[in-house]
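K.L.:
Here is a sequence with its predicted model. Questions after.
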Amino acid sequence: MSNVISAAPAAPATALATAPKVGFVSLGCPKALVDSEQILTQLRAEGYETAKSYEGADLVIVNTCGFIDAAVQESLDAIGEALSENGKVIVTGCLGAKKDADGDDIIQKIHPKVLEVTGPHAVGEVMFAVHKHLPKPHAPFIDLLPPQGIKLTPKHFAYLKISEGCNHRCSFCIIPSMRGDLVSRPIADIMMEAENLFKAGVKELLVISQDTSAYGVDVKFRMGFWNGKPVKTHMTQLVTALGEIAAQYGAWVRLHYVYPYPHVDQIIPLMAEGKVLPYLDVPLQHAHPDVLKRMKRPASGEKNIERIQAWRAMCPDLTIRSTFIAGFPGETEAEFEYLLDFLKEAEIDRLGCFAYSPVEGATANALDNPVPEELREERRGRVMQLQEEISKKRLQAKVGKTMRVLIDSVDRSGGVGRSSADAPEIDGVVYVKPPYEPHKKLVVGEFVDVTITASDAHDLWAAA
Ligand code: SF4
């Protein structure tokens, strides 16, 4: 989605009369969104204002996505639009780090008029470029900067990025070549950001990274400090500390991009005790050991079934979300049916399936026996059809149960919220009827306990 953002809180009109204005277009995944938030936070800290339109901007920053071909095209179009509407454009994000088959920078080749290009996670470099082309104002309004930074998400939920980059080399993925090896943020920085977010009214914190379970590997799980206490740079200790601080503010913590390493088992009791949400986003990608090998993924499908069963035994309310790829190069009908059998047994609650897309630069493109596009799509359709039945059955089992829901929006017909099983944007929702009792009200950003009255294959309906 391409949009010029004016997310920063307004500063006094007198003070802003001469403040330089920056337009911002943010594209890509939640990790790119967090990069945008950090750049906008820094801009505001230095006294820049965000512009509502291209015409009102002295300069435009475009944060790009470079993952699949459609995203590359969207980013290139957004840069072209910003150049023709404004003319002064700085580009950052994943596409900035991407080269074409000749080894040339894609952006500079297609849009040579762009002022500067940086890769992802490059706040310092972007600010350097901004200073060069739009000098810093003399009187920055530091006191106007909210402690939680500038957020692009609604006030009641926020993404918290704990590391950048990835040590894996999955053959279908080019993220490590764009974002580099895993670099973990210091645990104290993460905890400080989390506390500021909770203080600012965030009710749900979504922990993200490329590989959440590998947090701290790069610094050999070194000891850090938070609130005067030693805390290891390790996923288990981080999640424990986040759960404790969330409890003080009556908020949720949700974990994304968790790989099924053995130490993830230690997180499940925290979920069973209600310290963090019983929700695990585990991108498995396939189930057949040979396909996983070609994908250069770590775990075999068989072990994943055992692990999922053990997790559910420890925490029966656990929601598992995963993504899969259908039609990976060399995938035989037998391997694909193995995946379907795995899905029937695992009964993943929330599932996304992509038909394999040959991303430029991915080593998987050189594998033998590519699956024709039509067959890739057909297999994706078969996975989604099966998942529809599984999801329908699992959601039906929730009818009659009581659960807590965080309200995202309200209108005359009631509210739309999410339970522990629903991450924003990617999962289903709970439609809540307006309460009969006059003292009960649905309020955006507040929790309400509801009874589930109906379900379909994606969503739930409830009464407060
Ligand atoms: S784990 Fe694999 S798919 Fe995920 S970012 Fe790392 S290399 Fe890419």
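P.N.:
Nice, I can see it. In this text, all values refer to a predicted model and were calculated from it rather than measured experimentally. Residues are numbered from 1 along each chain as shown.
K.L.:
for residue 410, helix, strand, or coil?
P.N.:
strand (DSSP: H, G, I helix; E, B strand; the rest coil).
K.L.:
Helix or strand: which one has the closest residue to it other than its chain neighbours?
P.N.:
Nearest residue to residue 410 in three dimensions, chain neighbours excluded: residue 442, at 4.9 Å (C-beta to C-beta, 6 or more residues apart in numbering). To be clear about C-beta, it is placed using only N, CA and C from the backbone, and glycine gets the same treatment. For residue 442, there is no host helix or strand (DSSP states H and E).
K.L.:
Could I get the contacting residues of residue 442?
P.N.:
407, 410, 414-415, 417, 432, 434-435, 448, 464 (C-beta atoms under 8 Å, 6 or more residues apart in numbering).
K.L.:
again with residue 353
P.N.:
So residue 353 contacts 323-326, 380, 383-384, 387 (C-beta under 8 Å, 6+ apart).
K.L.:
hey, C-alpha coordinates of stretch 312-326 in PDB?
P.N.:
Extracted in PDB, the C-alpha atoms of stretch 312-326 (Å, rounded to 0.1, in the frame of the first residue of the first chain):
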ATOM      1  CA  ARG A 312      -0.800 -28.400  22.800                       C
ATOM      2  CA  ALA A 313      -0.600 -30.900  25.700                       C
ATOM      3  CA  MET A 314       1.200 -28.200  27.800                       C
ATOM      4  CA  CYS A 315      -1.200 -25.400  26.700                       C
ATOM      5  CA  PRO A 316      -4.500 -26.600  25.300                       C
ATOM      6  CA  ASP A 317      -5.600 -23.000  24.300                       C
ATOM      7  CA  LEU A 318      -2.500 -22.500  22.100                       C
ATOM      8  CA  THR A 319      -3.200 -21.000  18.700                       C
ATOM      9  CA  ILE A 320      -0.600 -22.000  16.100                       C
ATOM     10  CA  ARG A 321      -0.100 -19.900  13.000                       C
ATOM     11  CA  SER A 322       2.100 -21.000  10.200                       C
ATOM     12  CA  THR A 323       2.900 -20.300   6.500                       C
ATOM     13  CA  PHE A 324       3.700 -22.900   3.800                       C
ATOM     14  CA  ILE A 325       4.900 -22.900   0.200                       C
ATOM     15  CA  ALA A 326       3.200 -25.100  -2.400                       C
END
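K.L.:
buried sites along it?
P.N.:
312, 315, 318-326 (16 or more other C-beta atoms under 10 Å).
K.L.:
Would you map the helices across the stretch 301-450 of the chain?
P.N.:
301-314, 333-346, 373-396 (DSSP state H, counting those that start in this stretch).
K.L.:
what's the closest of those helices to the ligand?
P.N.:
helix 301-314 (14.8 Å; C-beta to the nearest ligand atom).
K.L.:
can you pull the buried residues of that closest one?
P.N.:
301, 304, 307-308, 311-312.
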